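> What follows is a predicted structure for the sequence shown.
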Amino acid sequence: MTPPPTPPRTVSVPDIPNLLPILPLRDSVLFPLAVMPITVGQERSLRLVDEVMRTSRVIGLVAQRRPQAGPAGPEDLYRVGTAAVIHQLLRNNDGTMQLVVQGLERFRIEEFVQTESYLIARTQPAPEIESTGTEVEALARTVRSLFERLMALRSDIQGDLGGVLEQLGGNIQVAYFVAGSVPLSSAVRQEILEADTSAAKLKSLVELLQHETVVQELQRKITTETKEQLSKSQRDFMLREQMRTIQRELGESDSQNVEARELREKLEPAQLPPEARKEAERELGRLEQMPSGSPEYGMIRSFLEWLLAVPWAKTSGGAIDIGKSRAILDEDHYDLETIKERILDYLAVQKLRQERRIQAPPAPTDAPSPLPVTPEDEARREPASARRRSASRSRAR
């Protein structure tokens with residue numbers, strides 16, 4: 001990402017040769033008149049800088065389309081870049097160089113004439129067009145206003161840049177300065193650099209700044225609300241702990257702990273199945289840690305009370321009456337014929353098992369006699385559809 005630029009200043013533009021040495025930039029874009037530090041480490045880039053420092057110190061800086069580790073070729077570079085002059089050079093102990101460059105003017109690459117030792121391209125100047133009119137003035141004011149709002153929302157934008165912005169004259173300088181100061185991707189900055197008119201640059205900036213401002217305001221709102229909720233939760237927790245300490249000192253019981261203890265005492269003799277017991281333990285643990293004022297507290301307590309009230313290990317016994325069961329199901333539940341049939345089938349199987357246990361002979365024989373067929377058995381063998389038709393005719397009568 002391109003670092004925040006220093007305020008642009010007017011410089012005497014040296015002669016820019018037609019054949020320009022090209023230094024690829026990885027993940028950064030240099031705008032005209034902006035000052036930017038660059039680290040050079042590739043062998044061919046070091047060779048390029050050494051050659052240029054012996055002549056005019058003017059190089060062409062062009063952004064790479066995709067950041068990559070290897071040397072960039074002509075197909076990896078954009079066709080619009082910025083001619084720059086090297087102001088300072090520092091050689092590091094690891095063999096790299098630190099450069100301080102300043103952009104001069106925009107250029108467009110026509111063709112590459114050398115790719116072996118380092119890149120050299122034939123270029124032509126591509127000066128921007130300064131737009132005029134009421135619309136351009138409105139765009140410039142909007143960009144300034146949005147930039148000031150964004151400075152107030154983001155801590156990584158220096159606050160003194162607003163005063164520098166007021167000192168800039170042309171709209172092109174304003175566009176370049178704002179685009180270099182706001183955190184933007186290299187592709188977006190390249191689009192602003194390639195725009196030919198100041199109006200096009202300002203329109204792009206207005207859209208980008210509006211989006212970024214909305215995102216930052218929403219982010220600040222979310223952060224503020226989260227902090228308030230955390231502060232309230234922490235305050236409530238501290239007050240509850242203090243209240244429990246005072247109650248323990250006075251010998252009083254906490255009603256919440258009493259309820260949880262009573263439910264746990266009921267859990268032991270309930271003889272719940274393993275799956276239900278595991279769920280009850282989990283919900284009871286949540287209840288013990290949850291404040292009584294929480295909306296979920298009452299729901300969990302009601303669920304546990306219902307779970308413990310179910311007669312898991314108790315049976316009522318007695319004979320099974322299929323006709324009475326059917327009447328109760330029809331009275332309490334409308335329709336649901338399939339579900340009712342499954343319930344009645346289950347009850348019929350249970351009744352059949354009871355009858356077989358009662359009618360079983362005391363000792364087995366070589367040729368067991370079949371069980372007697374009762375009218376109830378015939379009714380159970382009758383298809384469900386026939387039983388429904390018979391019941392319908394009975395209700396019709």
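All right, it came through fine.

> all helices of the stretch 201-350 of the chain, in order?
255-267, 274-289, 295-309, 322-332, 337-359 (DSSP state H, counting those that start in this stretch).

> need these in TSV with mean neighbour count, can you?
Placement of C-beta: from N, CA and C, glycine included. Below are the helices of the stretch 201-350 of the chain laid out as TSV (neighbours: other CB atoms under 10 Å):
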stretch	mean neighbour count
helix 255-267	14
helix 274-289	14
helix 295-309	14
helix 322-332	12
helix 337-359	13
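
> In terms of mean pLDDT, which of these ranks lowest?
Lowest mean pLDDT within the helices of the stretch 201-350 of the chain: helix 255-267, at a mean of 77.

> Just the angle for it relative to helix 295-309, thanks.
20 degrees (axes from the mean of the first three to the mean of the last three CA atoms, to 10 degrees).

> what helices or strands is helix 255-267 leaning on?
When contacts are defined as 3 or more CB pairs under 8 Å, 6 or more residues apart in numbering; DSSP states H and E, helix 255-267 packs onto helix 274-289, helix 295-309.

> thinking again about what came up before, which one of the helices of the stretch 201-350 of the chain lies nearest to residue 48?
Of all those, helix 274-289 sits nearest to residue 48, with 66.3 Å by CB to CB.

> sorry, back to before: format the helices of the stretch 201-350 of the chain as CSV; extra columns: distance to residue 27.
Formatted as CSV, the helices of the stretch 201-350 of the chain follow (distance: least, CB to CB, whole Å):
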stretch, distance to residue 27
helix 255-267, 57
helix 274-289, 48
helix 295-309, 49
helix 322-332, 72
helix 337-359, 65
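
> what's the closest of those helices to residue 137?
Judging the helices of the stretch 201-350 of the chain by CB to CB, what sits closest to residue 137 is helix 295-309, at 55.6 Å.

> Show me what that closest one is packed against.
Partner elements for helix 295-309 (3+ CB pairs under 8 Å, 6+ apart): helix 255-267, helix 274-289.

> Export these to a markdown table and append columns for distance to residue 173.
Formatted as a markdown table, these follow (distance: least, CB to CB, whole Å):
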| stretch | distance to residue 173 |
| --- | --- |
| helix 255-267 | 67 |
| helix 274-289 | 61 |
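
> tell me the pLDDT at residue 386?
For residue 386, the predicted pLDDT is 54.

> What is the burial count for residue 41?
11 (other CB atoms under 10 Å).

> list the contacts for residue 259?
287, 301 (CB atoms under 8 Å, 6 or more residues apart in numbering).

> go again using 10 Å as the cut-off
287-288, 292, 297, 301, 304-305 (CB atoms under 10 Å, 6 or more residues apart in numbering).

> can you list the weak-confidence ranges in the chain?
For the chain, the stretches with pLDDT under 70 are 1-13, 69, 156-163, 165-166, 230, 244, 247-248, 250-257, 315-318, 358-397.

> centre of the chain versus stretch 335-349, how much separation?
Stretch 335-349 has its C-alpha centroid displaced from the chain centroid by 48 Å (CA atoms, centre = their mean, to the nearest Å).

> which residue ranges form the strands in this structure?
19-25, 35-40, 58-63, 80-91, 97-114, 119-125 (DSSP state E).

> Tell me which of those strands approaches residue 170 most closely.
strand 97-114 (13.3 Å).

> distance between that closest one and the chain's centre?
40 Å.

> That strand pairs with which strands?
With DSSP bridges as the test, strand 97-114 is paired with strand 35-40 (antiparallel), strand 80-91 (antiparallel), strand 119-125 (antiparallel).

> what's the angle from the shortest one to strand 19-25?
In terms of direction (the same axes, to 10 degrees), strand 35-40 departs from strand 19-25 by 80 degrees.

> Neighbours of the nearest residue to residue 122 once chain neighbours are set aside, how many?
Counting by CB to CB, 6 or more residues apart in numbering, residue 122 lies nearest to residue 110, which is 4.8 Å off, once chain neighbours are set aside. By other CB under 10 Å, the residues close to residue 110 number 12.

> Now for residue 197: which residues touch it?
Residues in contact with residue 197, defined by CB under 10 Å, 6+ apart, are 128-131, 136, 171-172, 203.

> I meant to write residue 153 there.
Counted by CB under 10 Å, 6+ apart, residue 153 has contacts 212-213, 215-217, 219-220.

> how about the residues you listed, which pair is most distant?
Farthest pair in those, by CB to CB: 212 and 220, 12.5 Å.

> Return every residue with contacts to both of the two.
Common neighbours of residue 212 and residue 220 (CB under 10 Å, 6+ apart) are 153-154.

> Looking at those two, which is more packed in?
residue 212 (19 against 12).

> Same list (the contacts of residue 259) but as JSON lines, adding distance to residue 278.
Listed next are the contacts of residue 259 as JSON lines, based on distance: CB to CB, whole Å:
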{"residue": "287", "distance to residue 278": "15"}
{"residue": "288", "distance to residue 278": "16"}
{"residue": "292", "distance to residue 278": "25"}
{"residue": "297", "distance to residue 278": "21"}
{"residue": "301", "distance to residue 278": "18"}
{"residue": "304", "distance to residue 278": "13"}
{"residue": "305", "distance to residue 278": "18"}
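
> burial of residue 19, as a residue count?
Residue 19 has 11 nearby residues by other CB under 10 Å.

> Does it touch residue 122 like I think?
Yes - Residue 19 is within contact range of residue 122, at 5.9 Å (criterion: CB atoms under 10 Å).

> hey, what's in contact with both of these two?
Common neighbours of residue 19 and residue 122 (CB under 10 Å, 6+ apart) are 113-114.
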